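**Student:** mind folding the following:
(one chain, ligands or ions: 1)
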Amino acid sequence: MSTLANRNFKSISQSAQSMASVPEQNKGTLEAQSAQTSSHAVSDTQDEFKVMGSSLTTKKLVIIHPGSKHLRIGRASDVNPHTILHAIARPRRKDGPLHRDPVLIPTVVLSKENKLLVDEMFQSMRGTLQSCLRSDGTPRPATSAQQVATANKQCTPIQGSVSKLQLVTKSDVEDYIIGDQVLYAHPMDQFNVHFPFRHGDLNIHSGVGGSMSSVLADLETIWGHCIVNLLEIPKSELKHYRAVLVIPDIYNRLFLKELVSLLLTHLGFGGCFLLQDHVAATFGAGLGAACVVDLGDQKTSVSCVEDALSQRATRIRLDYGGSDITQSFHYLLQRAGFPYKECQPQHPLDAALLTRIKEGYCHLNLDFCGLRDVNFVVERPGVPTLRFHVKVGDELLLAPLGLFNTEVFALTGQDKRGQGQANASGDPEDPHDANYLRETSRRAHKEALENQSASAASMDTVENSTNAGGQGDEDLVVDSLAADATPDDQPQQQLLYSLDQAILHSIERCCELFFENSKYEFVLPFLKASDEMKRRMYSCILLVGGGAKFEGLSTWLHNRLLLQIPFQFRPEQTEIIVGPKEMDPSMVAWKGAAIMSALESGQELWIRPAEWKKIGVRLLRERAPFYW
Ligand SMILES: Nc1ncnc2c1ncn2[C@@H]1O[C@H](COP(=O)(O)OP(=O)(O)OP(=O)(O)O)[C@@H](O)[C@H]1O
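**Tutor:** As a prediction, this is how the structure comes out:
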């Protein structure tokens with residue numbers, strides 16, 4: 001439990017909102033935003049914003065947002081971060097085994113019955129589309145797979161000139177390839193390919209390069225490379241810079257500890273703090289409270305954030321994302337006679353091509369109907385390019401509809417599920433950790449109840465809130481009860497909810513903090529299931545992440561939710577925000593972290609290398625802007 005952070009959450013959130021609420025056209029850069037907030041001063045130089053009461057300038061703050069597919073990295077003073085493929089390829093060691101993390105989550109071989117189930121689900125989705133109306137109230141003509149196959153029967157690709165594309169060979173590189181270039185690593189040259197994040201967290205596995213130290217070494221190389229080459233900061237200068245690391249909403253405490261060491265000890269930053277991606281997203285969007293939904297490449301996460309706090313009980317991470325949609329799309333295309341028959345999603349260049357087609361054409365807009373022209377070029381080094389003009393129908397809609405019919409994601413694995421935040425496991429470096437505090441607070445709680453003839457009503461409240469699944473990490477008392485149910489460090493397993501179900505389940509777990517009395521040495525907080533907070537969350541749903549860019553997603557989600565929001569929590573209006581203030585939804589969290597790094601109220605959060613060395617993980621518990 002962090003007392004310092006406890007004090008600051010609300011003020012941090014309010015400052016961030018005022019910073020983010022500056023109209024987009026007036027912004028340009030963070031300096032411009034900052035200039036308009038009274039709590040900051042702008043230095044004489046045009047492009048350097050100085051945080052008041054500190055020698056920091058936004059140019060000296062590096063914001064790092066790592067994802068399963070993309071890394072976003074830039075200075076807080078940048079309008080947009082650099083976005084690269086978050087991958088590294090290293091030449092394989094002589095005779096060592098080869099390891100290649102795929103660009104797309106691979107498909108699995110399904111049993112006959114399971115394949116039938118997937119096909120039936122797609123068929124039933126086609127049935128639903130047949131009965132849908134367009135926005136003008138007219139019936140929407142659906143298309144069938146046969147129709148698409150017939151339209152493409154005559155399709156032959158047009159040959160272009162010989163491609164000048166060059167693959168990267170071992171002789172071209174000294175040690176490694178980083179970012180988008182990894183897609184072009186020569187397949188015959190036996191590079192090991194690693195994506196240090198998978199499914200929204202560190203990619204620890206039993207294969208080559210899957211140990212914690214290997215993954216951290218990859219991160220150090222990738223981030224270090226970007227800092228030197230993209231941000232043009234010499235490594236020796238990093239002690240004069242500070243870093244904000246955007247971490248997943250559901251985190252593993254051990255990983256966080258290692259990541260702080262990576263930033264301060266290995267990369268050599270002069271300070272750092274960690275910020276949860278969902279909290280950062282509310283800052284980027286300028287919202288005080290929202291149910292945040294992050295649709296990434298390999299995970300979808302949901303949680304309720306208010307006043308810069310992500311409520312622990314509301315956090316859900318689901319094992320699907322844009323990559324699964326791309327694979328479903330390819331499956332549907334194949335069943336509709338896709339003319340590019342040689343397409344192999346396991347090949348990096350085909351994976352990138354399928355992803356591009358999905359991003360360019362897939363949608364959830366019922367007004368788009370009939371067969372649509374889809375154009376793409378297949379390019380391989382040394383051979384003529386092939387230009388395809390194909391027709392695609394409702395496959396464009398069916399693929400993203402998997403977000404609402406997750407059974408089809410069995411195509412990429414049948415063991416997918418959801419997970420919640422794990423309880424803290426003890427850390428020998430931090431004897432007075434959350435478990436200790438839980439124990440002492442439980443004891444104090446018991447004593448308090450014994451000494452006081454507690455009213456039945458107040459007892460009821462505690463019980464009710466606990467039964468309601470209320471386990472916000474704000475509350476040590478109720479947290480302790482919930483903690484007993486789940487072994488330490490075991491993520492709470494949950495069902496593989498569809499997108500709308502995940503939002504409903506997340507909001508259902510909202511609790512509100514209120515203080516019953518403060519007679520005792522420390523205040524005993526109780527949680528009270530809050531109808532008001534649920535209403536607030538239902539009224540504002542923020543969609544972020546690259547997967548939120550499907551046209552029509554917000555309307556589709558809105559219609560699905562309206563049917564299901566419990567009557568008593570229905571707000572006057574449910575607003576689904578995608579790309580607030582015309583921001584790219586995949587950059588919102590990065591921008592929010594940039595805003596937060598420059599806030600005066602955020603200055604107490606920095607962890608410096610010397611104190612990290614001396615005090616270690618206890619600092620995270622005491623200073624992190626979230627409950628450890
Ligand atoms: N215009 C678009 N339409 C649909 N999907 C898109 C669009 N642009 C990007 N995407 C998808 O968004 C996903 C990448 O999103 P993002 O960069 O937020 O993920 P990430 O942070 O790397 O991954 P994760 O959150 O899973 O760790 C990819 O699957 C990509 O295809």
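**Student:** for the stretch 351-500 of the chain, list the residues in contact with the ligand, please.
**Tutor:** Within the stretch 351-500 of the chain, the positions adjacent to the ligand are 355, 359 by Cβ under 6 Å from any ligand atom. All C-beta spots, glycine's among them, are computed from the backbone N, C-alpha and C.
**Student:** which SS class is the closest residue to the ligand within the stretch 351-500 of the chain?
**Tutor:** Closest to the ligand within the stretch 351-500 of the chain is Glu359: 3.8 Å, counting by Cβ to the nearest ligand atom. At Glu359 the chain is in helix, as set by DSSP: H, G, I helix; E, B strand; the rest coil.
**Student:** quick check: closest non-adjacent residue to Phe329.
**Tutor:** With sequence-adjacent residues excluded and distances taken as Cβ to Cβ, 6 or more residues apart in numbering, Phe329 is closest to Ala399, at 3.7 Å.
**Student:** isn't Leu386 right up against Val162?
**Tutor:** No: proximity of Leu386 to Val162 does not meet the contact threshold set by Cβ atoms under 8 Å, at 11.7 Å.
**Student:** who's more crowded, those two?
**Tutor:** Looking at Leu386 and Val162 with other Cβ atoms under 10 Å, you find the greater number of neighbours at Leu386, namely 19 against 12.
**Student:** and Thr83, that one's in a helix?
**Tutor:** No: secondary structure of Thr83 (three-state DSSP): strand, not part of a helix.
**Student:** measure how buried the closest residue to the ligand within the stretch 51-200 of the chain is and give me the count.
**Tutor:** Closest contact between the stretch 51-200 of the chain and the ligand, by Cβ to the nearest ligand atom, is at Gly67 (2.2 Å). Neighbour count for Gly67, taken as other Cβ under 10 Å: 25.
**Student:** now Ser111
**Tutor:** Applying other Cβ under 10 Å, we find 9 residues neighbouring Ser111.
**Student:** could you report the pLDDT at it?
**Tutor:** Predicted confidence (pLDDT) for Ser111: 95.
**Student:** for the stretch 201-350 of the chain, just list every one of the strands.
**Tutor:** Per DSSP state E, counting those that start in this stretch, the stretch 201-350 of the chain carries strands over the ranges 201-202, 242-247, 272-276, 289-295, 300-306, 309-310, 316-318.
**Student:** quick check: which of the ones you listed is nearest to the ligand?
**Tutor:** Among the strands of the stretch 201-350 of the chain, the nearest to the ligand by Cβ to the nearest ligand atom is strand 289-295 (5.9 Å).
**Student:** give the other helices and strands that the closest one contacts.
**Tutor:** Applying 3 or more Cβ pairs under 8 Å, 6 or more residues apart in numbering; DSSP states H and E, one finds that strand 289-295 contacts helix 277-285, strand 300-306, helix 499-508, helix 531-539, strand 540-544.
**Student:** give me the distance from the fourth one to the chain's centre.
**Tutor:** Its chain's average C-alpha position is 23 Å from that of helix 531-539, according to Cα atoms, centre = their mean, to the nearest Å.
**Student:** likewise for the last one?
**Tutor:** On the basis of Cα atoms, centre = their mean, strand 540-544 sits 12 Å off its chain's mean C-alpha point.
**Student:** what about stretch 173-188, average pLDDT?
**Tutor:** 94.
**Student:** how about it: buried residues?
**Tutor:** 173, 176-179, 181-186 (16 or more other Cβ atoms under 10 Å).
**Student:** still on that earlier bit, isn't the residue nearest to Phe329 right next to Lys358, touching?
**Tutor:** Yes: contact between Ala399 and Lys358 holds when scored by Cβ under 8 Å: they sit 6.7 Å apart.
**Student:** re earlier: now do the contacts for the closest residue to the residue of the stretch 351-500 of the chain closest to the ligand other than its chain neighbours.
**Tutor:** In space, and not counting its chain neighbours, Glu359 is closest to Lys549: 7.2 Å by Cβ to Cβ, 6+ apart. Residues near Lys549 by Cβ atoms under 8 Å, 6 or more residues apart in numbering: 359, 578-579, 584-586.
**Student:** quick one, what contacts Leu167?
**Tutor:** Taking Cβ under 8 Å, 6+ apart, we find Leu167 in contact with 184-187, 381.
**Student:** distance to Gly270 and secondary structure added to these, as JSON lines?
**Tutor:** Below are the contacts of Leu167 laid out as JSON lines (distance: Cβ to Cβ, whole Å; DSSP: H, G, I helix; E, B strand; the rest coil):
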{"residue": "Tyr184", "distance to Gly270": "36", "secondary structure": "helix"}
{"residue": "Ala185", "distance to Gly270": "35", "secondary structure": "strand"}
{"residue": "His186", "distance to Gly270": "40", "secondary structure": "coil"}
{"residue": "Pro187", "distance to Gly270": "42", "secondary structure": "helix"}
{"residue": "Pro381", "distance to Gly270": "44", "secondary structure": "coil"}
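**Student:** isn't Gln568 up against Glu532?
**Tutor:** No: contact between Gln568 and Glu532 fails when scored by Cβ under 8 Å: they sit 11.1 Å apart.
**Student:** between these two, which is the more surrounded one?
**Tutor:** Counting neighbours by other Cβ under 10 Å for Gln568 and for Glu532 shows that Glu532 has the greater number, 11 against 8.
**Student:** so how far is the ligand from the more buried one?
**Tutor:** Per Cβ to the nearest ligand atom, to the nearest Å, Glu532 is found 31 Å from the ligand.
**Student:** which of the contacts of Lys549 are buried, as a ChimeraX select command?
**Tutor:** One line in ChimeraX is enough to select the buried members of those, burial here meaning 16+ other Cβ under 10 Å:
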select :578,579,585,586
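**Student:** would you mind measuring from the nearest residue to Pro609 once chain neighbours are set aside to Ala424?
**Tutor:** Leaving out its chain neighbours, the residue that sits closest to Pro609 by Cβ to Cβ, 6+ apart is Leu264, at 4.4 Å. Per Cβ to Cβ, to the nearest Å, Leu264 is found 21 Å from Ala424.
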